[in-house]
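Asks: Can you look at this prediction? I've put the sequence above it.
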Amino acid sequence: MKVLANDGISKSGIKTLEKAGFEVLTTKVAQEQVANYINTHDIKVILVRSATKVKQDIIDACPGIQIIGRGGVGMDNIDVDYARSKGIHVINTPASSSESVAELVFAHLFTGIRFLHDANRNMPLEGDTNFNGLKKAYAEGLELRGKTLGIIGFGRIGQAVAKMALGLGMRVIAADKYVSDATIRVDFYNGQFINVDMITEPLEDVLKHSDFITIHVPAQDGYVLDKAEFDIMKNDVGIVNCARGGVINEVALVEALDAEKVLFAGLDVFENEPTPEIQILMHPKISLTPHIGAATLEAQDRIGTELAEQIISLLKNK
């Protein structure tokens, strides 16, 4: 039985699948050739990350597909309901990349409060001629400890962010339409831990009271953060989006940055991927990464293994 991992899969995932008798193909097939490749090679399982789309056209053209797997959380590149209506299993790995995404959130937060994104641009250009000038320009950094972090979307990733924030000594508040409360377990290296009980708050309260805001919601119609939301926030707030492009109005974000309402932004996702707007890419107050939230060796290892185990369970253990 053949598995096409069109956006790649970890060695551990390949090993687990091959041990169970599957043939794993890691050929990168162009989007317009995916359906033909699946049919020509009798593919039963297609695995994707965020690059390859498995929409109704591919589902209709490939009646042999039994499983569509997404390495990661969001499945907006898959017609999930339509696939399931055709009897196809659709699986993902919601728990495997939470810590990796959460760490990237803090990479952007630390970058923003200490101007690392701008310093890394300017030091190669001026470090040998304007060292003291740059030192003065970046002299008003901030600390995260003691500040309030607002988390919009309090699922697995939002809660992973909360754990790290609590460990840093931050106050954490959160808003979520579907999660009313949660117990956050903060583990330490020596086996000790603490539990922190949290109750979510209305979104408006989180916007008003947060020094930094990070967003962790799925793709959806309309913006979660638009001009009205920026107007509610504290002055000099920091914004991070490692969730989905399109949940923040980028035009309103740039306006808020230019008006010095927002101190900095950290973006891993964009409204227009893979061609973000030049105003975003060139803005001196935005820290940028190219949609790499789950792109750690550890997360990809967990994702590959989890996908493999789900596939084996569905197809081999009937």
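Replies: Looks like it arrived, so ask away.
Asks: At which residues are the helices of the chain located?
Replies: 11-19, 34-40, 56-61, 80-85, 98-113, 116-126, 131-137, 156-167, 203-209, 227-232, 250-258, 278-281, 297-315 (DSSP state H).
Asks: Can you convert these into a markdown table and add a column each for distance to Ser180?
Replies: Any C-beta I mention is one placed from the backbone N, CA and C, and that applies to glycine too. Supplementary listing: the helices of the chain in a markdown table, determined by distance: least, Cβ to Cβ, whole Å:
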| stretch | distance to Ser180 |
| --- | --- |
| helix 11-19 | 35 |
| helix 34-40 | 41 |
| helix 56-61 | 35 |
| helix 80-85 | 26 |
| helix 98-113 | 20 |
| helix 116-126 | 36 |
| helix 131-137 | 44 |
| helix 156-167 | 13 |
| helix 203-209 | 14 |
| helix 227-232 | 22 |
| helix 250-258 | 29 |
| helix 278-281 | 35 |
| helix 297-315 | 28 |
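Asks: Format these as a markdown table; extra columns: mean pLDDT.
Replies: Shown next, in a markdown table, are these (pLDDT from 0 to 100):
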| stretch | mean pLDDT |
| --- | --- |
| helix 11-19 | 97 |
| helix 34-40 | 97 |
| helix 56-61 | 98 |
| helix 80-85 | 98 |
| helix 98-113 | 98 |
| helix 116-126 | 97 |
| helix 131-137 | 98 |
| helix 156-167 | 97 |
| helix 203-209 | 98 |
| helix 227-232 | 98 |
| helix 250-258 | 98 |
| helix 278-281 | 98 |
| helix 297-315 | 96 |
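Asks: Relative to Val179, which of these is closest?
Replies: helix 156-167 (8.2 Å; Cβ to Cβ).
Asks: Flag every buried residue along that closest one.
Replies: Arg156, Ile157, Gly158, Gln159, Ala160, Val161, Ala162, Lys163, Met164, Ala165, Leu166 (16 or more other Cβ atoms under 10 Å).
Asks: Out of those residues, the closest to Asn77 would be?
Replies: Comparing those against Asn77 with Cβ to Cβ places Ile157 closest, at 17.9 Å.
Asks: returning to that earlier point: nearest to Asp128, of the buried residues of helix 156-167?
Replies: Closest to Asp128 out of the buried residues of helix 156-167 is Met164 (36.2 Å), distances taken as Cβ to Cβ.
Asks: hmm, back to that, would you tell me which of the helices of the chain gets closest to Ile91?
Replies: Closest among the helices of the chain, using Cβ to Cβ: helix 297-315, at 4.8 Å.
Asks: Contacts for the closest one next, please.
Replies: By Cβ atoms under 8 Å, 6 or more residues apart in numbering, the surrounding residues in contact with helix 297-315 are 1, 3, 9-14, 16-17, 20, 22, 44-45, 47, 66-67, 69, 71-72, 89, 91, 93, 95-97, 99-100, 294.
Asks: Please report how far Leu47 lies from Ile280.
Replies: Relative to Ile280, Leu47 is positioned 30 Å away (Cβ to Cβ, to the nearest Å).
Asks: okay, the two: which has more neighbours?
Replies: The neighbour count for Leu47 versus Ile280, taken as other Cβ atoms under 10 Å, is higher for Leu47 (29 against 19).
Asks: Now the buried members of the contacts of helix 297-315.
Replies: 3, 9-10, 12-14, 16-17, 20, 22, 44-45, 47, 67, 69, 71-72, 89, 91, 93, 96-97, 99-100, 294.
Asks: Domain ranges for the protein, per the record?
Replies: As given by the TED database, the domain ranges for the chain are 2-92+297-317, 97-288.
Asks: Centroid-wise, who is the farthest residue in the protein?
Replies: Farthest-out residue of the chain from its mean C-alpha position, per Cα atoms, centre = their mean: Thr129, at 38.3 Å.
Asks: Check what pLDDT it gets.
Replies: At Thr129, the pLDDT value in this model is 98.
Asks: And Gly72, by the same measure?
Replies: On the pLDDT scale, Gly72 gets 89.
Asks: Name the nearest residue to it, sequence neighbours excluded.
Replies: Residue nearest to Gly72 in three dimensions, not counting chain neighbours: Ala294, with 5.2 Å by Cβ to Cβ, 6 or more residues apart in numbering.
Asks: Same check on Gly304?
Replies: Gly13 is the one closest to Gly304 (Cβ to Cβ, 6+ apart), at 2.4 Å.
Asks: could you measure the one you found against Ala83, distance?
Replies: 21 Å.
Asks: Same check on Val24?
Replies: Distance of Val24 to Ala83, given as Cβ to Cβ: 21 Å.
Asks: what do you get for Gly238?
Replies: When Gly238 is compared with Ala83 (using Cβ to Cβ), they lie 39 Å apart.
Asks: Please say which of those two ends up with more neighbours.
Replies: Neighbour count, other Cβ under 10 Å: between Gly238 and Ala83, Gly238 has more, with 27 against 21.
Asks: thinking the more buried one is in contact with Ala256, fair?
Replies: No. With contact defined as Cβ atoms under 8 Å, Gly238 does not count as touching Ala256 (11.3 Å).
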